[in-house]
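*Asks:* coords below, sequence missing:
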């Protein structure tokens, strides 16, 4: 059987395992410690069994006739790995092209946005200028209308005075 180290560091074989186990049980008073020790020994036994099974499988696979199978499996795995690598490279290339396309679109949109913002700012300035001219024109129209009203009233007064003067001169002549 296989030699292995016990938890205390002593070397034990499967034959002397029961003696060590009973000796450890006497030293350990806690049921939890005993339970853990039992679990540890069970796990060690399972580990040994697994190791023996793996050795058995490796020996049976690596027998004289299985080298051809192993080479075939190796070639198949290598071929599949190459296929996956090529697929990954193609997908990565497509993703890079897509990213470049999106980056170009983004740059074009940013240029258009800057142009539109510049045009908007120029149009705002032009609008403000037109509003200022419109206000000046409206003020001039109001001033001219006031002047016109004043002149019309002066003219009316002048007519009235002229008419009164004409009547008086007619009356004076008569």
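*Replies:* Thanks, I have it. Remember, predicted model here, so these are calculated numbers, not experimental data. Numbering: from 1, shown residues only.

*Asks:* other SSEs contacting the helix or strand where residue 163 lies?
*Replies:* Using DSSP states H and E, residue 163 falls within helix 66-173. For helix 66-173, the elements it packs on are helix 31-61, judged by 3 or more C-beta pairs under 8 Å, 6 or more residues apart in numbering; DSSP states H and E. From N, CA and C alone the C-beta is placed, and that goes for glycine too.

*Asks:* If you count contacts, what does the helix it packs on end up packed against?
*Replies:* helix 17-27, helix 66-173.

*Asks:* and that helix, which residues are buried?
*Replies:* Buried residues in helix 31-61, counted by 16 or more other C-beta atoms under 10 Å: 37, 41, 44.

*Asks:* what's the offset of that helix from the middle of its chain?
*Replies:* Distance, stretch centre to chain centre, for helix 31-61: 48 Å (C-alpha atoms, centre = their mean, to the nearest Å).

*Asks:* mean confidence score for that helix?
*Replies:* Mean per-residue pLDDT for helix 31-61: 85.

*Asks:* try stretch 122-129
*Replies:* 98.

*Asks:* Ok, stretch 155-172 next?
*Replies:* 79.

*Asks:* what's in contact with it?
*Replies:* Stretch 155-172 has contacts (C-beta atoms under 8 Å, 6 or more residues apart in numbering) with no other residue.
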